[in-house]
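1. Here's a sequence, model it:
(one chain, ligands or ions: 1)
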Amino acid sequence: MIQKKLIVFRVWCVTFMYIRIFQEHIIRRGRWCIRRVYSWFFNLLMQSYWNEIEDCKVKIFDKLSEKAEKVLEIGIGTGPNMRYYAARNSNVTLYGLDPNPKMKKYARKSATKAGLKPKNFRFKQGVGEAIPLKDNSVDAVVATLVLCSVSDVTQTLKEIKRVLRQGGVFIFLEHVAAKDGSFFKRLQKLLDPLQQRLADGCHLARNTRECILEAGFSGGVEVQTFSMYSFPWMTRPHIYGLAYN
Ligand SMILES: C[S@@+](CC[C@H](N)C(=O)[O-])C[C@H]1O[C@@H](n2cnc3c(N)ncnc32)[C@H](O)[C@@H]1O
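-> Here you go, the predicted structure:
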């Protein structure tokens, strides 16, 4: 009798174990499918934004002098701007700064694909608020869609000025806060906490234009404001331009 009960118990245990394994497999497979669908959908939605932003990037990178031999890009991410550097000067030394160490692999791949010599791309893990480079050590600093994510814009701009040589240029492209009092600004403020959670600390309602104008770039600032009409709509107001040290 006891033996019979033991056999039934064992069969139960084994069956239960298989059910659990099967369950976990289904859940893992389900999560994988959801992630695939999500990234496909997100890329599809974002494609027109990337196309629109490309036109502005062409305009600002056009101003990057061929003589710029040492360039720092803060918040380099996966390296979507690599081709602009390689096209202007194949001997440029590019420092790519990002707090996320996982970006190194992707940025390096983009650099190689764009034709930058491997020895000329140096990834530096760090933040814009404390740039790990010496004073007056670079000819240009680039930041595209980064000042929305740093924790301290004023300190980052101070650091950018510190590492830029005299006469050097800061090239930027950012999404910014809508006009004060507008419906859009209210919407941005409402969605800001959610955006910060979902988009790795990205702020929707920053007055980045004013911060750059007040940062004390002694060579002057050229800044253009424009609207993006593609998704994501709440990041509609953008600025791009140059600030000279
Ligand atoms: C929206 S992505 C932009 C990436 C790329 N620059 C582009 O144009 O697509 C923001 C990047 O800024 C980086 N980042 C976040 N906080 C930062 C900080 N305090 N200093 C420098 N980079 C930062 C993130 O890791 C991320 O790679």
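
2. who in the protein is up against the ligand?
-> Within the chain, the residues that sit near the ligand (CB under 6 Å from any ligand atom) are 74-77, 80, 97-100, 103, 127-129, 144-146, 149-151. All C-beta atoms are positioned from the backbone trio N, CA, C, and that covers glycine.

3. Grab the nearest non-local neighbour of the residue nearest to the spatial centre of the chain.
-> Most central in the chain under CA atoms, centre = their mean is residue 77, positioned 4.9 Å from the mean C-alpha point. Among residues not flanking residue 77 along the chain, residue 103 sits closest, at 5.6 Å (CB to CB, 6 or more residues apart in numbering).

4. hang on, that neighbour packs against residue 78?
-> Yes. In this structure, residue 103 is within contact of residue 78 by CB atoms under 8 Å, at 6.1 Å.

5. more neighbours, the two?
-> Each of residue 103 and residue 78 has its neighbours counted (other CB atoms under 10 Å); residue 103 has more, 20 against 15.

6. can you tell me how far the more buried one sits from residue 113?
-> 15 Å (CB to CB, to the nearest Å).

7. next one: residue 57
-> Residue 57 is 17 Å from residue 113, where distance means CB to CB.

8. Compare the two and say which is more crowded by neighbours.
-> residue 57 (19 against 12).

9. thinking again about what came up before, what pLDDT is listed against the residue nearest to residue 77?
-> Model confidence at residue 103, expressed as pLDDT, equals 94.

10. Please enumerate the helices of this structure.
-> 2-61, 82-88, 103-114, 153-163, 183-198, 208-213 (DSSP state H).

11. okay, those in a markdown table with distance to residue 134 next?
-> Formatted as a markdown table, the helices of the chain follow (distance: least, CB to CB, whole Å):
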| stretch | distance to residue 134 |
| --- | --- |
| helix 2-61 | 25 |
| helix 82-88 | 21 |
| helix 103-114 | 22 |
| helix 153-163 | 7 |
| helix 183-198 | 32 |
| helix 208-213 | 23 |
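
12. Next one: residue 18 from residue 24, what distance?
-> Counting by CB to CB, the gap from residue 18 to residue 24 is 11 Å.

13. Ok, residue 199 next?
-> 30 Å.

14. Over to residue 153?
-> The gap separating residue 153 from residue 24 is 45 Å, by CB to CB.

15. Same check on residue 194?
-> 31 Å.

16. and what of residue 109?
-> Going from residue 109 to residue 24 by CB to CB gives 33 Å.
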